[in-house]
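**Q** from the sequence below, what's the structure:
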Amino acid sequence: MGGTLRVIGKVLGRLRPYRLAFTGAVLQVLLSGLLELAKPWPLKVVVDNVLGGRITLESAEGDGSRFVLTLPRVAPLRDSQLPEPETDRPAVTVDAAAAG
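**A** From the prediction side, this is the model:
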C-alpha cells in the first residue's frame, strides 16, 4: 500500500506542470459521459409531446430488456381549426425484442 501511494505521488508530481490541461481533459471526459447519458432524452420528448406516443422499458434479471415504442397512426393535430383524427384506429407498436 505504501509503495502504491508513493507511485501515485510521483505521477501527480510530474503532472503538476500540466495540471490545467489534465483538469480540462478530465472535465471533458465527465461532460462527454453526461451527454451520452442524456442522448435518449430529446427522443423521449419528441415521442411523448409531439407525436403523442410513449416509450416503455421492461426489464427482468436474466431475461434482458424489452423496449416498446408505441405511436398513434396519426400524429396529434396542433391547429384547433383542423378536424380531429380518427381515434378508433389502433396504435402502431414496435417491439424491439420481437424485431431483433
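**Q** mind listing what's buried in the host helix or strand of residue 31?
**A** Here residue 31 sits within helix 19-38, counting by DSSP states H and E. By 16 or more other CB atoms under 10 Å, helix 19-38 has no buried positions at all. Where C-beta positions appear, they are placed from N, C-alpha and C, glycine not excepted.
**Q** chain center to that helix: distance?
**A** Relative to its parent chain, helix 19-38 has a centroid offset of 17 Å by CA atoms, centre = their mean, to the nearest Å.
**Q** same thing with stretch 56-63?
**A** Here the centre of mass of C-alpha atoms in stretch 56-63, compared against the chain's by CA atoms, centre = their mean, lies 17 Å away.
**Q** so what touches it?
**A** Outside stretch 56-63, the residues within contact range by CB atoms under 8 Å, 6 or more residues apart in numbering are 65, 66, 67, 68, 70.
**Q** which strand or helix spans the last one?
**A** Here residue 70, judged by DSSP H and E, is contained in strand 64-71.
**Q** quick check: pLDDT value at the most centrally placed residue in the chain.
**A** The central residue of the chain, meaning the one whose C-alpha is nearest the mean C-alpha position (CA atoms, centre = their mean), is residue 40 at 3.0 Å. We note a pLDDT of 80 for residue 40 in this prediction.
**Q** again with residue 27
**A** Residue 27 is given a pLDDT of 96.
**Q** now do residue 55
**A** pLDDT, residue 55: 80.
**Q** next one: the one 3 residues further on
**A** Per-residue pLDDT puts residue 58 at 84.
**Q** for the residue nearest to the centre of the chain, give me phi and psi.
**A** Main-chain torsions, residue 40, degrees, to the nearest 10: phi -70, psi -20.
**Q** ok so residue 59 is a strand residue?
**A** Yes - Residue 59 sits within a strand when classified using DSSP: H, G, I helix; E, B strand; the rest coil.
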